[in-house]
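>>> Give me coordinates for this.
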Amino acid sequence: MQSYRLEEFGDIGKLVAREVPMPEPGANQILVRVRATSLNRRDTMILNGTYPLAPRTGTVPLSDGAGEVVAVGDDVTRFAVGDRVTGSYFARWIDGRMHPGIIDQLGCTLDGMLSEYALLDEQWAVRLPDHLSWQEAATFTCAGLTAWSALTGAEIPKPGQWVLVIGSGGVALFALQFAKLMGCRVAAVTSRAEKADRLRALGADLVVASAETPEWGMNLREATGGIDLVVETGGPAAFPQSLIASALYGRIVLLTVQDKNGKSIEIQGAVYQRSLVTIGRLFVGSRGGLEAMLAAVATHRLKPVIDKVFPFAKTREAYRYFEQGDVFGKVVIDGA
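Residues are numbered from 1 along each chain as shown. The predicted structure follows:
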């Protein structure tokens, strides 16, 4: 079977497709025929050697993928041949709080989904909604669950409250869609005005182009009365404006704390001392959260936004396209 491996880090040339033996499931394992995968920012960080969790050399990349079960081990009870599944980002994190004993990640310390077949422990996978295509189903594990966790974590925003999303990547667009499902109003900040209509079509109530309004924080605060929840994917460049835009008792969920040049977020005391904003962090989510999110996706028949699809043989091109940054939604790689 065909399988990509990251044989070294720091160079796209070290992402290599290999012909490897077909694995056989152990007692509690399932064998999945992978039909599609998708890229996240952490995948390019792993490739470039800048990811905080040290990856395993020679690992199969990508946490996000979808496929059908083609074989099961003798003791498997959660799945049967023919089931449509996706993997869980933190494979060993079932529910409750994260702790150091369960930090293993698909596509980082564990083999991921960029392969013709993936061998998973049955506890590492969940069923997929029937209405999703393979390409659509392959987009939820990281970006989708991160957005869901940001919205359903410590305090779920109430209908009518304002949620701010930044950019047009996977997390931002999932957060926009999930916030609208919850009855929230959504403000969106985009780098280019050309994307405004597409964001409004997804449900954004207010769109600001940062190229035209660099100091957009006060603009949003005045227009909304203050943002109740910021899903902060903009990093150091956006954070000061997110803080200004927030309501007195608003919340900011930090998802990107450094930019690609290594600059970190700084909290401006002059702004923060006038605020009672709560600033929090999260790391994607558990299998229980993934199951809850997919149940909501199935109920509302929600569909993700896909920017572009690449064939399996063009995986390096997919990485390059994703890394240039000007995407609207998810970048997907079809199965081999």
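
>>> Which helix or strand lies directly C-terminal to the helix or strand hosting Asp307?
Asp307 belongs to strand 306-310 when elements are defined using DSSP states H and E. Next helix or strand after strand 306-310 toward the C-terminus (DSSP H and E): helix 315-323.

>>> Other residues contacting the helix or strand following that following helix?
Sequence order places strand 330-334 as the next helix or strand after helix 315-323, per DSSP H and E. In this structure, residues lying in contact with strand 330-334 by Cβ atoms under 8 Å, 6 or more residues apart in numbering are 35-39, 62, 114, 134-135, 138-139, 143, 170, 304-312, 314-315, 318, 321-322. All C-beta spots, glycine's among them, are computed from the backbone N, C-alpha and C.

>>> for stretch 65-75, same thing?
Contacts for stretch 65-75 (Cβ under 8 Å, 6+ apart): 24-38, 79-87, 112-114, 117-118, 122, 128, 132, 134, 137-138, 141, 335.

>>> Tell me which entries of the residues you listed lie within strands.
29-38, 84-87, 117-118 (DSSP state E).

>>> what comes up buried for stretch 174-187?
Buried residues in stretch 174-187, defined by neighbour count with 16 or more other Cβ atoms under 10 Å: 174-180, 182, 184-187.

>>> Farthest pair within those residues?
The two members of the buried residues of stretch 174-187 with the most space between them (Cβ to Cβ) are Phe174 and Arg185, at 16.9 Å.

>>> Show me the strands in the stretch 101-250 of the chain, by range?
Using DSSP state E, counting those that start in this stretch, the strands assigned to the stretch 101-250 of the chain run over residues 117-121, 125-127, 162-166, 185-190, 206-209, 227-232, 246-254.

>>> can you list those strands in TSV and add distance to Trp216 and mean pLDDT?
What follows is these, written out as TSV (distance: least, Cβ to Cβ, whole Å; pLDDT from 0 to 100):
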stretch	distance to Trp216	mean pLDDT
strand 117-121	42	98
strand 125-127	37	98
strand 162-166	10	98
strand 185-190	6	97
strand 206-209	5	96
strand 227-232	11	97
strand 246-254	13	95
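
>>> Enumerate every residue touching Trp134.
35-36, 66-67, 334-335 are the contacts of Trp134 under Cβ under 8 Å, 6+ apart.

>>> Identify, from these, the entry nearest to Pro159.
Of all those, Pro159 sits closest to Ala66, with 31.3 Å by Cβ to Cβ.

>>> CA atoms only: put stretch 23-31 into PDB for me.
Output in PDB follows, covering the C-alpha atoms of stretch 23-31 (Å, rounded to 0.1, in the frame of the first residue of the first chain):
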ATOM      1  CA  PRO A  23      -1.000  -3.900   8.100                       C
ATOM      2  CA  GLU A  24      -3.300  -6.400   9.900                       C
ATOM      3  CA  PRO A  25      -5.400  -5.400  12.800                       C
ATOM      4  CA  GLY A  26      -4.600  -6.600  16.300                       C
ATOM      5  CA  ALA A  27      -7.200  -7.700  18.800                       C
ATOM      6  CA  ASN A  28      -8.500  -4.200  19.500                       C
ATOM      7  CA  GLN A  29      -7.600  -2.500  16.300                       C
ATOM      8  CA  ILE A  30      -9.500  -1.500  13.100                       C
ATOM      9  CA  LEU A  31      -8.100  -1.200   9.600                       C
END
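
>>> Show me what counts as buried in it.
Buried residues in stretch 23-31, counted by 16+ other Cβ under 10 Å: 23, 25, 28-31.

>>> pLDDT of it, averaged?
Stretch 23-31 comes out with an average pLDDT of 97.

>>> now it, how far from the chain's geometric center?
27 Å (Cα atoms, centre = their mean, to the nearest Å).

>>> So what touches it?
69-76, 79, 85, 117-123, 125.

>>> Just name the most buried of the strands of the stretch 101-250 of the chain.
Of these, the one with the most neighbours on average (mean count of other Cβ atoms under 10 Å) is strand 162-166, at a mean of 29.

>>> Next, the angle strand 227-232 makes with it.
If you take axes from the mean of the first three to the mean of the last three Cα atoms, to 10 degrees, strand 162-166 sits at 20 degrees to strand 227-232.

>>> Pro304: neighbour count?
23 (other Cβ atoms under 10 Å).

>>> Cool, thanks, signing off.
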